[in-house]
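K.L.:
Return a 3D structure for these sequence lines:
(chains A and B)
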There are 2 protein chains.
Amino acid sequence: MAEKSHPDSIDRTNAFQDYYPDDYAHCFGCGRLNERGLKIKSYWDGNESVCRFLPNDYYTGGMETILYGGIIASLIDCHGAGTAAAAKARELDIQVKPGNMPRFVTAALKVDYLAPTPMGVELELRSTVKEIKGRKVIVSVTVSSGEALCAKGEGVYVQLRDESI
Amino acid sequence: MAEKSHPDSIDRTNAFQDYYPDDYAHCFGCGRLNERGLKIKSYWDGNESVCRFLPNDYYTGGMETILYGGIIASLIDCHGAGTAAAAKARELDIQVKPGNMPRFVTAALKVDYLAPTPMGVELELRSTVKEIKGRKVIVSVTVSSGEALCAKGEGVYVQLRDESI
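P.N.:
Numbers count the residues shown, from 1 in each chain, chains lettered A, B, ... in the order given. Predicted structure coming up:
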């Protein structure tokens, strides 16, 4: 029988995304096998999850001083998806190890852009799980630059049926 | 007095985004001055606007056969923003020329992912203006691959106050 899983059962040196199966690790946002990608990484921090990210200097919005909203949407999408997967693993009491993280796809995403997000600053995303209902997980995400809340979002994620775990 | 503007008053050889002022042309999604960017381009097609886009092969989702949802969000964001700007210019009866397109920022974005979006296929986005109210424009967007509707979205865009036009 698997050892009981809880937030701390995931090795803190690895991100949620590091546990995705190889055939699910090609995401431009967070796939460890996508050499050109953003490599977004998410970790538990108590019952929240956290992601820190410093965008490359060419991910600008219209003006050179602000971050592109599509990158903010991408950060929210991948951080939320990783959190959905880790939360589902926790609910299922899975001892997470490389390759057995549940696989989720995004069904819906919404983002509210609250303030211009500056370039050149490491951003912090924090997520909370709003709902787990069967294969559906809803995750709320905030994006902050220092003390400033720049954006908030919500992702609806659905677990793939072909799970082998 | 400026010549009356209507959808066809924008030169069909240029995209909405080609008319953005230089200081607003750095967007990773659609800025003509962003060398690394996606260079999303939008055009009127009657009362709808259209954007065709073939993503680079590294913009994959988790699996290598499907497009990353963050890129879909980006396409919707920039195509919607360009449409908001062009629609506002039309409402204001502005004769659009390089540098005088109204500048908009995204206030909110939502995306429903309806079906996996395949790689290696030119996608078609179509937008309709749902509402223009003062400085706020709401745009609905669909994303199709051939006959298949892959995603739909909506952007809420706000015109910047410091317009000089």
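
K.L.:
Mind exporting the C-alpha coordinates of stretch A:38-51 to PDB?
P.N.:
In PDB, the C-alpha atoms belonging to stretch A:38-51 read as follows (Å, rounded to 0.1, in the frame of the first residue of the first chain):
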ATOM      1  CA  LEU A  38       9.100  28.800 -20.100                       C
ATOM      2  CA  LYS A  39       9.700  25.900 -17.700                       C
ATOM      3  CA  ILE A  40       7.100  27.200 -15.200                       C
ATOM      4  CA  LYS A  41       7.600  25.400 -11.800                       C
ATOM      5  CA  SER A  42       5.100  25.000  -9.000                       C
ATOM      6  CA  TYR A  43       5.600  23.800  -5.400                       C
ATOM      7  CA  TRP A  44       3.400  23.400  -2.300                       C
ATOM      8  CA  ASP A  45       3.600  26.000   0.300                       C
ATOM      9  CA  GLY A  46       1.300  24.700   3.000                       C
ATOM     10  CA  ASN A  47      -2.100  24.400   1.400                       C
ATOM     11  CA  GLU A  48      -1.300  27.000  -1.200                       C
ATOM     12  CA  SER A  49       1.100  26.400  -4.100                       C
ATOM     13  CA  VAL A  50       3.700  28.900  -5.300                       C
ATOM     14  CA  CYS A  51       5.500  29.700  -8.500                       C
END
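
K.L.:
I'd like the distance from it to the chain centre, please.
P.N.:
Computed by Cα atoms, centre = their mean, to the nearest Å, the separation of stretch A:38-51 from the middle of its chain amounts to 6 Å.

K.L.:
what's the burial count for the closest residue to residue A:92 other than its chain neighbours?
P.N.:
Distances taken as Cβ to Cβ, 6 or more residues apart in numbering or on different chains put residue A:102 closest to residue A:92, at 7.3 Å, once the chain neighbours are dropped. All C-beta atoms are positioned from the backbone trio N, CA, C, and that covers glycine. By the other Cβ atoms under 10 Å in any protein chain shown criterion, the neighbourhood of residue A:102 contains 25 residues.

K.L.:
helix/strand/coil for residue A:102?
P.N.:
coil (DSSP: H, G, I helix; E, B strand; the rest coil).

K.L.:
What of the one 3 residues further on?
P.N.:
In three-state terms, and counting by three-state DSSP, residue A:105 is strand.

K.L.:
OK, contacts around it?
P.N.:
With contact taken as Cβ atoms under 8 Å, 6 or more residues apart in numbering or on different chains, residue A:105 is in contact with A:81, A:157-158, A:160, B:61-62, B:113, B:116.

K.L.:
Filter these down to the buried ones, PyMOL style.
P.N.:
Typed into PyMOL, the line below selects the buried ones among these, using 16 or more other Cβ atoms under 10 Å in any protein chain shown:
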select buried, (chain A and resi 81+157+158) or (chain B and resi 61+62+113+116)
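
K.L.:
Let me know the closest of the contacts of residue A:105 to residue B:16.
P.N.:
Each of the contacts of residue A:105 was scored against residue B:16 by Cβ to Cβ, and residue B:113 proved nearest at 25.0 Å.
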